[in-house]
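A.B. asks: below are the sequence and a predicted model; questions follow.
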Amino acid sequence: MSRAMSEAEFVEFATVQIAVIDRALARHRPAGGHCCSCGQTLPCPPAETLRLRRRHYAGCIETARATAYGARPAENGR
């Protein structure tokens, strides 16, 4: 049976996910013309999905850190 992650465990998980996404995004660069290095046309749909996931996890980390200091993210000046 599984249990929910603690906030610290989730931040660690999200940090690892961002690192994995960054490595995957490194394989998606413009390759000349209208193509990504993966062969898709630009804008590359897989790269866009990866960027969305990265923003999601970065936002989760920001929220976790802000709430750890007693502030909501919107009040944290970001």
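C.D. replies: Looks like it came in fine.

A.B. asks: only C-alpha atoms from now on, for both contacts and neighbour counts.
C.D. replies: Noted.

A.B. asks: Arg54 is in contact with Ala19, isn't it?
C.D. replies: No - using C-alpha atoms under 8 Å, Arg54 is not in contact with Ala19, being 9.0 Å away.

A.B. asks: these two: which has the busier surroundings?
C.D. replies: Arg54 (21 against 12; other C-alpha atoms under 10 Å).

A.B. asks: quick one, what contacts the more buried one?
C.D. replies: Arg54 sits next to 17-18, 21 when contact means C-alpha atoms under 8 Å, 6 or more residues apart in numbering.

A.B. asks: shouldn't it be within a strand?
C.D. replies: No - Arg54 sits outside any strand when classified using DSSP: H, G, I helix; E, B strand; the rest coil, being helix.

A.B. asks: quick one: pLDDT of it?
C.D. replies: Among the per-residue scores, Arg54 shows a pLDDT of 98.

A.B. asks: which of the contacts of Arg54 lies closest to Glu7?
C.D. replies: Gln17 (15.1 Å; C-alpha to C-alpha).

A.B. asks: Leu50 contacts Ala19, correct?
C.D. replies: No - look at Leu50 against Ala19 with C-alpha under 8 Å: they stay out of range, at 11.3 Å.

A.B. asks: I'd like the distance between the residue nearest the centre of the chain and Ala31.
C.D. replies: What sits nearest the mean C-alpha location of the chain, by C-alpha atoms, centre = their mean, is Arg54, with 1.4 Å. Distance check for Arg54 against Ala31: by C-alpha to C-alpha, to the nearest Å, it reads 22 Å.

A.B. asks: repeat for Gln17
C.D. replies: Taking C-alpha to C-alpha, one finds Gln17 at 26 Å from Ala31.

A.B. asks: how far is the helix-or-strand element of the chain with minimal mean pLDDT from where the chain is centred?
C.D. replies: The helix or strand with the lowest mean pLDDT-type score in the chain, counting by mean pLDDT, DSSP states H and E, is helix 45-68 (a mean of 94). Distance of helix 45-68 from its chain centroid, counting by C-alpha atoms, centre = their mean, to the nearest Å, is 4 Å.
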